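Engineer: with the input below, show me the fold.
(one chain, ligands or ions: 3)
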Amino acid sequence: MMGAARSCRSYAAVSWFAAAMLLAGSRPLQAVPISFPDFSSTTDLNIVGDAAQVGNIVRLSSSSPGERGSTWFRAKQGVEVGFDTTFSFRITAPAGADDADGLNGGDGFAFVVQNTSDAALGLANSYMGYEIANSLAVEFDTFRNGNFLALEPNSNHVGVQSLGTGVNTPFAPAFLASAAVGSNLSDGGVHTAKVSYAPGSLQIFVDDFIHPVLTVPVDLGSLLNLSAGTAYVGFTGGGAAAYENHDLLSWHFATVPEPSSISLAVGGVLGLLALTRRRQARI
Ligand SMILES: [Ca+2]
Ligand SMILES: [Ca+2]
Ligand SMILES: [Ca+2]
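Structural biologist: Numbering: from 1, shown residues only. Ligands and ions are numbered 1, 2, ... in the order given. This is a model prediction of the structure:
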């Protein structure tokens, strides 16, 4: 009898443990932030389309006509609770057609949150590759389009575009906000940007992490269809008749606050085991 009781108890404990691990496995366990001081290694990145690792950078699209590329961290990241991401970039060799202000080079690149695919890539030209369903794009736009001047303050702006779960576009229905940037994005120098999200507010900083270029009221949890609060994060870039090199030099991303799901999962397993023991003790 005692042997049967013990085996029953250990079977129950193993079952609870398996159930708890399954539960934990279904949750995002992204305790390690994304950190690429450079791209000498591109482990965990999916590099798509015309994007490529070039030396220790990722070139999203290059200075030749009609290119488009993207790169995504392969594991979805917690975005709904909030995140901070910083990245450095360089735009060189602007060439090709002139924009509405008579300046060449384009079209720009974007930091994108999307829950469609780790191989997602949209159209080139003014779409900069971010024509992706279920996405929000923070564009660094270097080509002022004559057909939607009102959305584009100049040839050097940041913009936030989303159609919620629909397919994103650079056009008016997807327009949330835009603002001219103080720094010249296309001067060939290294620039650093930061995108900070807390539920209800998205802030974009360029070269000055005290004063945001743009603050946009947005709630990712209601705007997008997320997977338990997570989505793919990464970058797209592109050009058309105007083109330039869109180079990503470094990238850091962290869910804020830091996810506590691992400690929650471990705590849950221990709690379930203790509960099982108490129940078995009463039998
Ligand atoms: Ca330009
Ligand atoms: Ca544009
Ligand atoms: Ca724009």
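Engineer: how about the residues of the stretch 1-150 of the chain near ligand 3?
Structural biologist: Residues of the stretch 1-150 of the chain lying close to ligand 3 (CB under 5 Å from the ion) are Asp141. Using the backbone N, CA and C atoms, a C-beta is placed for each residue, glycine as well.
Engineer: just give the closest residue to Ala51, not the sequence neighbours.
Structural biologist: Nearest non-adjacent residue to Ala51, counting by CB to CB, 6 or more residues apart in numbering: Gly69, 2.7 Å away.
Engineer: might one say that the one you found is in contact with Gly234?
Structural biologist: No - taking CB atoms under 8 Å as the definition, Gly69 is not a contact partner of Gly234, at 10.5 Å.
Engineer: who does the helix or strand containing Ala193 pair up with?
Structural biologist: Per DSSP states H and E: Ala193 is located in strand 190-198. Using DSSP bridges, the strands paired with strand 190-198 are strand 83-96 (antiparallel), strand 201-206 (antiparallel).
Engineer: quick one on the thing from earlier: with neighbour numbers in mind, choose between Gly69 and Gly234.
Structural biologist: Gly234 (28 against 25; other CB atoms under 10 Å).
Engineer: where along this structure do the helices fall?
Structural biologist: 2-25, 220-223, 261-282 (DSSP state H).
Engineer: how close does Arg144 sit to ligand 2?
Structural biologist: Look at Arg144 and ligand 2: by CB to the ion, to the nearest Å, they are 6 Å apart.
Engineer: go on, Arg59?
Structural biologist: Counting by CB to the ion - Arg59 and ligand 2 are separated by 20 Å.
Engineer: and if you look at Ser88?
Structural biologist: 22 Å.
Engineer: near ligand 1, which residues of this protein are found?
Structural biologist: For the chain, the residues in contact with ligand 1 (CB under 5 Å from the ion) are 103, 105-106, 142-143, 155.
Engineer: which ones are touching the closest residue to Asp187 other than its chain neighbours?
Structural biologist: Leaving out its chain neighbours, the residue that sits closest to Asp187 by CB to CB, 6+ apart is Ile91, at 7.9 Å. Going by CB atoms under 8 Å, 6 or more residues apart in numbering, Ile91 touches 105, 142, 185-188, 244-247.
Engineer: for Gly146, give its distance to ligand 2.
Structural biologist: Here Gly146 is placed at a distance of 10 Å from ligand 2 (CB to the ion).
Engineer: give me the number of residues near that residue?
Structural biologist: 11.
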